[in-house]
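Novice: Need a 3D model of the sequence below.
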Amino acid sequence: MKKLFKLALSVLSVLFMASAVFAYPDVSADHWAAKQIQELTEKGVIVGYPDGTFHPDENVTRAEFASMSIKALGQEHTIIAQPVKFTDIEEDFWAYDAIQKALYFDLISCPEQGQLFRPYDTVTRAESISVAVNALTTEQISDIKAKEVLSKKFNDVNEVPQWFLVPAGKAEILNMLVTIPSASKAKIEADRAATRAEVTAILYNMMEQAKLNPNAKLAEAMKKKTGDGYIVENAFVQGSVGTIPAGAILPVKLSSYIDSQTSKAGEIYTASAPENYITKDKFILVYKGSNLKGQLLDVRSGKWFVRNGVLVLDNSLLTTNNDQTVPFNASAEITKHRNWFMKIVRATLKGEKLNATPEDIIYIKLLKPIKVDLTNGWILEE
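Specialist: Purely as a prediction, here's the structure:
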């Protein structure tokens, strides 16, 4: 069983390290949306098909798009107190929560109670672009201004539905009106079903703009989260991103007993953060209860007149409160506090035995820096 755990841990580590070079076989490196597809895949906003393909030209349902939008904005864990009722969606529908959150954050307009949502209809370009614009705080423009802006680039402005005219104009001003590259003059094609590649590019633009100018409700939700906990020395903040530097010392609480006399090198251990890891300004970097996993790197029993015990931990993974699992390279050497007399005894006679129990707090040293989105606790992988 221990060998199986070791194998699983190794495979996970390889997978996470390889994520940076992830690619779908049906999305070439020169595809017009390759960058956006890769980045949103790595962030878990979009997923491929079971066979590993992406199908960039397929369509997306309205329910799927609502779910993607909420993930892109990092609001999966928002609690909605007063949900809106739809006649075609029950509470056990897989995207029910995401749809309610999309309504709460004003991404989609709130219908009258009992109205249809049409979750299985394909999302149109107009609908998806409108959601992206609705996520932002934007300057107001008139229909006339919108037409003026759009007419400079697009030749089907007169075919744009009236309700979409202003959102389309705002999107163009913000360089968010995604179109598939073409040699001919671009078309808005407002009523055409959006492709998976287009949806991905639209969501990417929304994410980037929302970092700068989110709408009022998102701005409140996207504030950097604060709390009490263990202050990580030298941790620093740039914008909404916090960094735990290499060399930081962090407390962890083991899930099971280990000792130098009976434990074996290579054994898997699990642990958790006993309190929030925070910056000096109380911004939360890692939440209390986040799980860590690694293996015992070096275990040697203490023997009289031969050596003191050795117990070294090698941590490799962290699973956050968002259920995100990422590489978290850290190490720790279990030691005992000795007074001056015991230091002399152990230096001469040796034989010290080491152990750590689930009640003990041990301290690990981070070997590589970790960047965290302070608004939602998401680890930003390089």
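
Novice: Compute the number of surrounding residues for the closest residue to Lys225 other than its chain neighbours.
Specialist: Spatially, and ignoring its direct neighbours in sequence, Lys225 is nearest to Ile284 (4.9 Å; Cβ to Cβ, 6 or more residues apart in numbering). Bear in mind the C-beta positions are built from the backbone N, C-alpha and C, glycine included. Neighbour count for Ile284, taken as other Cβ atoms under 10 Å: 21.

Novice: and Ile284, helix, strand or coil?
Specialist: strand (DSSP: H, G, I helix; E, B strand; the rest coil).

Novice: do the same with the one 5 residues further on
Specialist: What three-state DSSP gives for Gly289 is coil.

Novice: surely it meets Ser272?
Specialist: Yes - counting by Cβ atoms under 8 Å, Ser272 is a contact partner of Gly289 at 5.7 Å.

Novice: What's the mean pLDDT across stretch 203-219?
Specialist: Averaging the model's pLDDT scores along stretch 203-219 yields 94.

Novice: rewinding a little: residues in a beta bridge with the residue nearest to Lys225, which ones?
Specialist: With DSSP bridges as the criterion, the beta-bridge partners of Ile284 are Ile278.

Novice: show me what contacts it?
Specialist: Applying Cβ atoms under 8 Å, 6 or more residues apart in numbering to Ile284 gives the contacts Lys225, Thr226, Gly227, Gly229, Asn276, Tyr277, Ile278, Leu374, Gly377.

Novice: Weed out the non-buried ones from those residues.
Specialist: Lys225, Gly229, Asn276, Tyr277, Ile278, Leu374, Gly377 (16 or more other Cβ atoms under 10 Å).

Novice: Out of those, the closest to Glu76 would be?
Specialist: Gly377 (11.0 Å; Cβ to Cβ).

Novice: per-residue pLDDT, Val241?
Specialist: On the pLDDT scale, Val241 gets 89.

Novice: which residues sit in contact with it?
Specialist: Val241 neighbours (Cβ under 8 Å, 6+ apart): Lys371, Val372, Asp373, Leu374, Leu380.

Novice: What are the boundaries of the helices in the stretch 151-300 of the chain?
Specialist: Secondary structure of the stretch 151-300 of the chain (DSSP state H, counting those that start in this stretch): helices at 162-173, 196-212, 216-221.

Novice: CSV please, covering those helices and showing distance to Asp97 and mean neighbour count.
Specialist: Output for those, formatted as CSV (distance: least, Cβ to Cβ, whole Å; neighbours: other Cβ atoms under 10 Å):
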stretch, distance to Asp97, mean neighbour count
helix 162-173, 25, 20
helix 196-212, 18, 22
helix 216-221, 15, 15
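
Novice: got those helices as JSON lines, with distance to Ala95 columns?
Specialist: As requested, these are exported to JSON lines (distance: least, Cβ to Cβ, whole Å):
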{"stretch": "helix 162-173", "distance to Ala95": "23"}
{"stretch": "helix 196-212", "distance to Ala95": "15"}
{"stretch": "helix 216-221", "distance to Ala95": "19"}
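
Novice: Out of those, flag the one nearest Gly48.
Specialist: When those are compared by Cβ to Cβ, helix 196-212 sits nearest Gly48, at 9.6 Å.

Novice: pLDDT below threshold where in the chain?
Specialist: 1-22, 110-114, 183-184, 305-306, 338-348, 351, 382 (pLDDT under 70).

Novice: What are the structural domain limits within it?
Specialist: The chain breaks down into these domains under automatic domain parsing: 31-221, 230-380.

Novice: Ignoring the adjacent residues along the chain, who's closest to Asn315?
Specialist: Nearest to Asn315 is Gly294, by Cβ to Cβ, 6+ apart, at 3.7 Å.

Novice: from memory the one you found sits against Leu313, does it?
Specialist: Yes - between Gly294 and Leu313 there is a contact at 5.9 Å, judged by Cβ under 8 Å.

Novice: any common contacting residues for these two?
Specialist: Tyr269.

Novice: closest one to His31 among the helices of the stretch 151-300 of the chain?
Specialist: helix 196-212 (7.2 Å).

Novice: on that earlier part again, can I get the buried ones among the contacts of Ile284 in TSV including distance to Lys185?
Specialist: As requested, the buried ones among the contacts of Ile284 are exported to TSV (distance: Cβ to Cβ, whole Å):
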residue	distance to Lys185
Lys225	46
Gly229	56
Asn276	54
Tyr277	53
Ile278	53
Leu374	43
Gly377	45
